[in-house]
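> Provided below for reference: sequence and predicted model.
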Amino acid sequence: MNVDLYDFDLPEELIAQTPLADRTASRLLTLNKSTGEVQHHMFPAILDYLQPGDTLVLNDTRVIPARLFGVKQDTGAKAEVLLLKDLGANRWEALVKPGKKLKTGAVITFGDELTATIESEGDMGERVLSFSYEGIFNEILDRLGQMPLPPYIKEKLDDRERYQTVYSKHEGSAAAPTAGLHFTKELLEQVRSKGVDIAFVTLHVGLGTFRPMSVEKVEEHVMHEEYYILSEETAKLLNETRQRGGRIIAVGTTSSRTLETVAGKCGDSPITAMSGWTDIFIYPGYTFKLVDALLTNFHLPKSTLVMLVSALAGREQLLNAYREAVEQKYRFFSFGDAMFIY
């Protein structure tokens, strides 16, 4: 299956550069996956599509200020680091710029507080860095680091919390689970008031979610591993939802990938608590085992995220909905509008 099947035209002016002042002020496109019907709403209308007995599954990961700007110790040349995965013992997997000049053995300094040595190079362009510092790493990172906004966002983010969900809890992501950015605490209370359960999973968003595809055939793409956690409380809620005939509604592709990873490991047995690394790649032909409906943002052309959403909605229906979103001038990507597939 050719990657170009998931391409579409997107005017650059539709790429949202800044978050809206009110999280719930986004628009909402709904797509009925059975009929292909598309409707247009404001985001709070999501309440009309949730039913008592459903369970909404949110990814409670928290983005760290993972982008660091420093200099190469020997030459003073500028160097950029994007932290992706905490390997323990002050070692991190990361992406670096400029990649051609930052090879094994290179030392990068970030002011007087932090130094990184490149230990090794991976086959996807990533590096393993060993950090040295005095004090607490997270506090240093909070002072020196910047929020790792995607490269298509050119505007500066004034408030770091606008790239966090209101329920973010567990630090570890290099990007936000952006479908959740539309919720406020008040709206989540309204969800609960409808008789809808809210469950949490954690998937620390890393290279697997946003690495561009460099192959022509979808099947040849290899996803990068990301760490996930599904708790006993969430496992219990998911099993109860299934038993009562409710729907499991994933908020975001990261929640979807976590749920489907766990479902694949549990097979026909009840869902159990677990954690680990997932490199699940969902594209058309995949049969969803847990996810019945999905709330998501609008994604990049030819991305693994467009393929995941197409697997649930159907490629033709998904691309038709995207064309309509472009015509209606929806805002795309991380700070953009939302889509509900049910």
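In hand now; what should we look at?
> okay, how far is it across stretch 268-287, tip to tip?
End-to-end distance of stretch 268-287 (Cα to Cα, to the nearest Å): 14 Å.
> nope, stretch 89-102 is what I meant
OK, stretch 89-102 end separation, Cα to Cα: 22 Å.
> in stretch 15-30, what's buried?
15, 16, 17, 19, 20, 23, 26, 27, 28, 29, 30 (16 or more other Cβ atoms under 10 Å). Where C-beta positions appear, they are placed from N, C-alpha and C, glycine not excepted.
> from those, which two are the most distant?
17 and 30 (25.1 Å; Cβ to Cβ).
> can you tell me the strand partners of the top strand by length along the chain and which way each runs?
The single longest strand within the chain, with elements called by DSSP state E, is strand 78-88. Partners of strand 78-88 in the sheet, by DSSP bridges, are strand 67-72 (antiparallel), strand 91-97 (antiparallel).
> of those strands, which is nearest residue 7?
strand 91-97 (24.6 Å).
> quick check: mean pLDDT across the following helix or strand past the closest one?
Next along the chain after strand 91-97, taking DSSP states H and E as the criterion, comes strand 107-110. Averaged across strand 107-110, pLDDT comes to 98.
> list the helices and strands strand 107-110 packs on?
If contacts are counted by 3 or more Cβ pairs under 8 Å, 6 or more residues apart in numbering; DSSP states H and E, strand 107-110 sits against strand 67-72, strand 114-121.
> so for that strand, what gets flagged as buried?
Counting neighbours by 16+ other Cβ under 10 Å, strand 107-110 gives 107, 108, 110 as buried.
> just to revisit the earlier point, chain center to the longest strand of the chain: distance?
Mean C-alpha position of strand 78-88 versus that of the full chain (Cα atoms, centre = their mean, to the nearest Å) differs by 18 Å.
> and the contacts of that strand?
Strand 78-88 is contacted from outside by 64, 66-72, 92-98, 102, 108, 116, 126, 128-129, 141, 145, 148, 172, 174, 204, 206-207, 227, using Cβ atoms under 8 Å, 6 or more residues apart in numbering.
> could you identify which of the strands paired with strand 78-88 is most buried?
Stretch with highest mean neighbour count among the strands paired with strand 78-88: strand 91-97 (a mean of 21; mean count of other Cβ atoms under 10 Å).
> skipping its backbone neighbours, what lies nearest residue 61 in space?
residue 173 (4.4 Å; Cβ to Cβ, 6 or more residues apart in numbering).
> is that neighbour in a bridge, and if so with what?
Beta-bridge partners, per DSSP bridges, of residue 173: residue 63.
> relative to residue 58, how far out is it?
Distance of residue 173 to residue 58, computed by Cβ to Cβ, to the nearest Å: 13 Å.
> ok, now residue 107?
40 Å.
> ditto for residue 124
The gap separating residue 124 from residue 58 is 29 Å, by Cβ to Cβ.
> now swap in residue 262 and tell me
Residue 262 is 15 Å from residue 58, where distance means Cβ to Cβ.
> likewise for residue 263?
Residue 263 is 17 Å from residue 58, by Cβ to Cβ.
> neighbour-wise, which of these two wins?
Shown here are residue 263 and residue 58; by other Cβ atoms under 10 Å, residue 58 has more neighbours (27 against 16).
> what's the spacing between stretch 52-60 and its chain's center?
Distance, centroid of stretch 52-60 to centroid of chain: 17 Å (Cα atoms, centre = their mean).
> mind listing what's buried along that stretch?
Buried residues in stretch 52-60 (16+ other Cβ under 10 Å): 54, 55, 56, 57, 58, 59, 60.
> show residues contacting it.
Taking Cβ under 8 Å, 6+ apart as the rule, stretch 52-60 contacts 50, 165, 167-170, 177, 180, 183, 191, 194-203, 205, 234, 237-238, 241, 244-252, 254-255, 258-259.
> contacting residues for residue 179?
251, 252, 253, 255, 295, 296, 297, 338.
> over to residue 221?
3, 213, 215, 281, 304.
> now for those residues: which two are most distant?
So, these by Cβ to Cβ: farthest apart are 3 and 281, at 12.6 Å.
> more neighbours, these two?
For residue 3 versus residue 281, neighbours defined as other Cβ under 10 Å are more numerous around residue 3 (21 against 17).
> check contacts around that one.
So residue 3 contacts 213, 215, 216, 217, 218, 221, 302 (Cβ under 8 Å, 6+ apart).
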